[in-house]
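# Have a look at this prediction, sequence included:
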Amino acid sequence: MRTLSFLLAVTAVLVSATIASADQRPNFLVIMCDDLGYGDLECYGHPSIRTPNLNKLADEGVRFTSYYSAAPVCSPSRAGLITGQTPTQVGIYDWIPGGSPMHVRAEEVTLPRLLKQAGYETGLFGKWHCNGKFNSPQQPQPDDLGFDYWFATQNNAGPTHENPVNFVRNGKKVGPTEGFSCQVVADEAINWLSEVRRNDKPFFALVTFHEPHEPIASPDDLVKSYPDADKKGEALYYANVTNMDRAVGRLMAKVDELNLRDNTLVVFTSDNGPETLNRYSSAWRSHGSPGPLRGMKLHIYDGGIRVPGIARMPGKIDAGIESDFPVCSLDLLPTLCELGGAEVPTDAKLDGTSLAPMFAGEMVEREKPLFWHYYRAFGEAKVAVRDGDWKLVALWDRGNVKPGSAYKTGDYQLITKANFTDFELYNLTEDIGETNDLADQHPEIANRLKKALLHKYEEATANAINWYAEKK
């Protein structure tokens, strides 16, 4: 596999894994939205949606134009972020309905657990969606996977983003809350940062907003501020993204107020691409944009997996940088562990690559290409790899299956026994919209990536979990 390189201008080198003093190690604040499209932010080219706080965050750090989620759907994407592994490899194949047997197992290596073991204070705030039996002893909960403190919902904010009633704090139901979900989540994270966590320890906070996933609700003042959004539900969606931006601004203000700005790495991203308008009954407000990308949520094409990605750490990352180097949420586990001095087990089967060298202006070497697998993706394209400029997409022989309908009895065979019949090759630097299949023109590249794709697919499914194996 050829070496990928990336040089990021910096003014100082971040701490290495050999530094033992906690107060010298960086804090980590990772913010993830739900169904926010690549083209949904003002700083990513949206012509109408106002996101001043995220514009500022991008101006103060690096804006990635090839940032990828681990999957084109929520639960696998989140599982990938916390484990650093292809979601299929840890048994998270699709979104997890309430009551499902699917969950991230307690024995998995996780980012919060590794950082906690290294002396970090860890907190989760917002959407969890890594188990079906939420807040139950029958499955691991956020604290079992490494979070000291958690304030979360199993899936969406209910009944809508406005005044949600389904939050749980450290195993206890919270009951009705007042305000919109992103602000409720920001309030909890702000309180944890200022009043709950230990100030003598570095922290890792994972803030997972529900916005702009359905069912969408938005403040009236923001809805009215988009008078030109005349399609049904359009102003509601635009206002929803702007409200989330306000919550980000409040978080950043608190980081500054607590004098944490210079020693906190902030990463902002989304779990997958934007929801398709009218895909289901309540999706009439889903006016998200993939920008110039092909596909949307649930697609294996870039519209489903390429998302906004912004990173800021003043004094360590120069301001106003734009990078097209391909990175993925799978990279967060090895990167944050290296920067934070957390030891990753030598037998961990990570698919992400540490980006820590780039903070020292050095090359990043990716030993294997980025990989995605979603057996219920729209269309026949179910698997893809990206290596540098090139992306190979694999199509299977089983036609269409209903996208996003969740893992069911019998799906194990679809996941583990796929036959791939056709392969498409795209140069994403020259063809961001994946419109020109170059497999016939570049057979040597297609064959090389095909071997890598099939090898990783076999590896990811070799020990696949059959969650309904006990049922006849």
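That came through fine. The model shown is predicted, which means the values in this text are computed figures rather than measured ones.
# how far away is the closest residue to residue 122 other than its chain neighbours from residue 83?
Nearest non-adjacent residue to residue 122, counting by Cβ to Cβ, 6 or more residues apart in numbering: residue 112, 4.4 Å away. C-beta here means a position set from N, CA and C on the backbone, and glycine is covered the same way. Separation of residue 112 from residue 83 (Cβ to Cβ, to the nearest Å): 10 Å.
# Comparing those two, which shows the higher neighbour count?
residue 83 (28 against 24; other Cβ atoms under 10 Å).
# show me the contacts for the nearest residue to residue 291 once chain neighbours are set aside.
Leaving aside its sequence neighbours, residue 291 sits nearest to residue 39 (Cβ to Cβ, 6+ apart; 2.8 Å). Neighbouring residues of residue 39 by Cβ atoms under 8 Å, 6 or more residues apart in numbering: 45, 46, 274, 288, 289, 290, 291, 292, 293.
# The residues you listed in helices, which ones?
Using DSSP state H, no member of the contacts of residue 39 falls in helices.
# Pick out whichever of the residues you listed sits closest to residue 54.
residue 46 (10.8 Å; Cβ to Cβ).
# what about the closest one, how many neighbours?
19.
# Kindly report the same for the one 5 residues further on.
Using other Cβ under 10 Å as the criterion, residue 51 is surrounded by 23 other residues.
# right, and it touches residue 242 too?
Yes. Under the criterion of Cβ atoms under 8 Å, residue 51 makes contact with residue 242 at 6.6 Å.
# C-alpha coordinates for the worst-scoring helix or strand of the chain on mean pLDDT, CSV please?
In the chain, the helix or strand scored least confidently by mean pLDDT, DSSP states H and E is helix 411-416, which has a mean of 93. Listed next in CSV are the C-alpha coordinates belonging to helix 411-416 (Å, rounded to 0.1, in the frame of the first residue of the first chain):
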residue,chain,number,x,y,z
ASP,A,411,-29.3,-10.7,7.8
TYR,A,412,-26.2,-12.6,8.9
GLN,A,413,-26.0,-14.3,5.6
LEU,A,414,-26.3,-10.9,3.7
ILE,A,415,-23.5,-9.5,5.8
THR,A,416,-21.0,-12.4,5.6
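# other SSEs contacting the helix or strand just after it?
Remark: after helix 411-416, the chain's next helix or strand is strand 420-427, criterion DSSP states H and E. If you count contacts as 3 or more Cβ pairs under 8 Å, 6 or more residues apart in numbering; DSSP states H and E, strand 420-427 packs onto strand 381-387, strand 390-396, helix 443-461.
# Show me the one of the ones you listed that comes nearest residue 302.
That would be strand 390-396 among the helices and strands packed on strand 420-427, by Cβ to Cβ, at 7.5 Å.
# Give me the angle between that closest one and strand 420-427.
160 degrees (axes from the mean of the first three to the mean of the last three Cα atoms, to 10 degrees).
# what's next to strand 390-396, contact-wise?
Under the contact criterion Cβ under 8 Å, 6+ apart, strand 390-396 has outside partners 300-302, 379-386, 418-428, 434, 439, 445-446, 449-450, 453, 457.
# My guess is the residue nearest to residue 122 contacts residue 128. True?
No. Using Cβ under 8 Å as the test, residue 112 is too far from residue 128 to be in contact (11.9 Å).
# Overlap of the contact sets of the two?
With Cβ under 8 Å, 6+ apart as the test, residue 112 and residue 128 both reach residue 142.
# Distance of residue 176 relative to residue 162?
Taking Cβ to Cβ, one finds residue 176 at 11 Å from residue 162.
# okay, the two: which has more neighbours?
Taking neighbours as other Cβ under 10 Å, residue 176 and residue 162 compare with residue 162 leading, 17 against 9.
# hey, what's the more buried one bridged with?
Residues in a beta bridge with residue 162, per DSSP bridges, are residue 180.
# on that earlier part again, torsion angles phi and psi at the residue nearest to residue 122?
Dihedral pair for residue 112: phi -60, psi -40, per degrees, to the nearest 10.
# Dead centre of this structure: give me the residue that sits there.
Nearest to the mean C-alpha position of the chain, by Cα atoms, centre = their mean, lies residue 271 at 3.5 Å.
# And the pLDDT at that one?
pLDDT, residue 271: 98.
# doesn't residue 80 make contact with it?
No. The pair residue 271 and residue 80 does not pass the contact test of Cβ under 8 Å, sitting 9.5 Å apart.
# Common neighbours of these two, please.
Counting by Cβ under 8 Å, 6+ apart, the shared contacts of residue 271 and residue 80 are residue 69.
# Quickly name whichever of the contacts of residue 39 is closest to residue 59.
Nearest to residue 59 among the contacts of residue 39, counting by Cβ to Cβ, is residue 45 at 15.0 Å.
# which ones are touching that closest one?
39, 291.
# returning to that earlier point: now do the residue nearest to residue 122 against residue 148, distance only.
8 Å.
# Can you check which residues contact both of these two?
residue 122.
# wait, isn't residue 359 in contact with residue 315?
No. With contact defined as Cβ under 8 Å, residue 359 does not count as touching residue 315 (11.0 Å).
# circling back: mind giving me the ChimeraX command for buried ones among the contacts of strand 390-396?
Those of those that count as buried under 16 or more other Cβ atoms under 10 Å are selected in ChimeraX with:
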select :300,301,302,379,380,381,382,383,384,385,386,418,420,423,424,425,426,427,428,434,439,445,446,449,450,453,457
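# Bridged to the residue nearest to residue 383 when sequence neighbours are not counted, which residues?
Ranked by Cβ to Cβ, 6+ apart and with sequence neighbours excluded, the top spatial neighbour of residue 383 is residue 394, at 4.2 Å. According to DSSP bridges, the partner residues bridging residue 394 are residue 383, residue 423.
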